[in-house]
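Asker: can't give you the sequence, but here's the structure:
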């Protein structure tokens, strides 16, 4: 939905205050990625408290739904399976246009064919930069605190 001329709300509109701390928007990642301020992932290990297990359950449910949505988006708009051959600015327009058209299709109950889910082997691959070790340590500490606040919030709401 377009609000104030933009598809993406202001960051403060997406933030939430939990126990006096501002929780900024974040992505949900699988265990392969490092925990960071803007990338939340579940708790590792098997001897977790019930609260942490419940947090993992809820986070993974959300991640699976998000993966399904993006899978469907890429299935419907095959150009998103590979690197877009255009400028970064135009790539952003391609992605936004794909999302808008996808949402129109979804809201209009447009047919989605299962064969669109077939992986072609042309998916975007590459090495994506990670933070250096010092940055990871600081980001990890902030992220651990955020994850703990989210765990408490989820277990009480």
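Answerer: Structure's in. What do you need? Worth saying up front: this structure is predicted, and the values here are computed from it rather than measured.
Asker: quick one: the residue most central in space within the chain from residue 150, how far?
Answerer: The centroid of the chain falls nearest to residue 27 when counting by C-alpha atoms, centre = their mean (3.7 Å). Distance, residue 27 to residue 150, using C-beta to C-beta, to the nearest Å: 13 Å. Using the backbone N, CA and C atoms, a C-beta is placed for each residue, glycine as well.
Asker: what does residue 57 give?
Answerer: Taken as C-beta to C-beta, the span from residue 57 to residue 150 is 13 Å.
Asker: more neighbours, those two?
Answerer: Higher neighbour count among residue 57 and residue 150: residue 150, with 18 against 12, using other C-beta atoms under 10 Å.
Asker: tell me what the helix or strand where that one lies is packed against?
Answerer: Using DSSP states H and E, residue 150 maps to helix 133-156. On a contact count with 3 or more C-beta pairs under 8 Å, 6 or more residues apart in numbering; DSSP states H and E, helix 133-156 meets strand 16-18, strand 21-23, strand 39-40, helix 50-76.
Asker: quick one, the longest one and helix 133-156 angle?
Answerer: In this case it means helix 50-76. Calculated by axes from the mean of the first three to the mean of the last three C-alpha atoms, to 10 degrees, helix 50-76 forms an angle of 110 degrees with helix 133-156.
Asker: any idea how far the helix or strand that comes right after helix 50-76 is from the chain center?
Answerer: Moving toward the C-terminus from helix 50-76, the next helix or strand (DSSP H and E) is helix 88-107. Put simply, helix 88-107 sits 16 Å off its chain's centre (C-alpha atoms, centre = their mean, to the nearest Å).
Asker: can you give me the mean pLDDT across helix 88-107?
Answerer: What helix 88-107 shows for mean pLDDT is 90.
Asker: same for it, what does it pack against?
Answerer: helix 50-76.
Asker: would you mind listing the buried residues in the helix it packs on?
Answerer: Neighbour-count burial for helix 50-76, counted by 16 or more other C-beta atoms under 10 Å, picks out 52-53, 55-56, 59, 63, 72-76.
Asker: residue with max distance from the center of this structure?
Answerer: If you look at how far each residue of the chain sits from its centre, by C-alpha atoms, centre = their mean, the farthest one is residue 47, at 26.4 Å.
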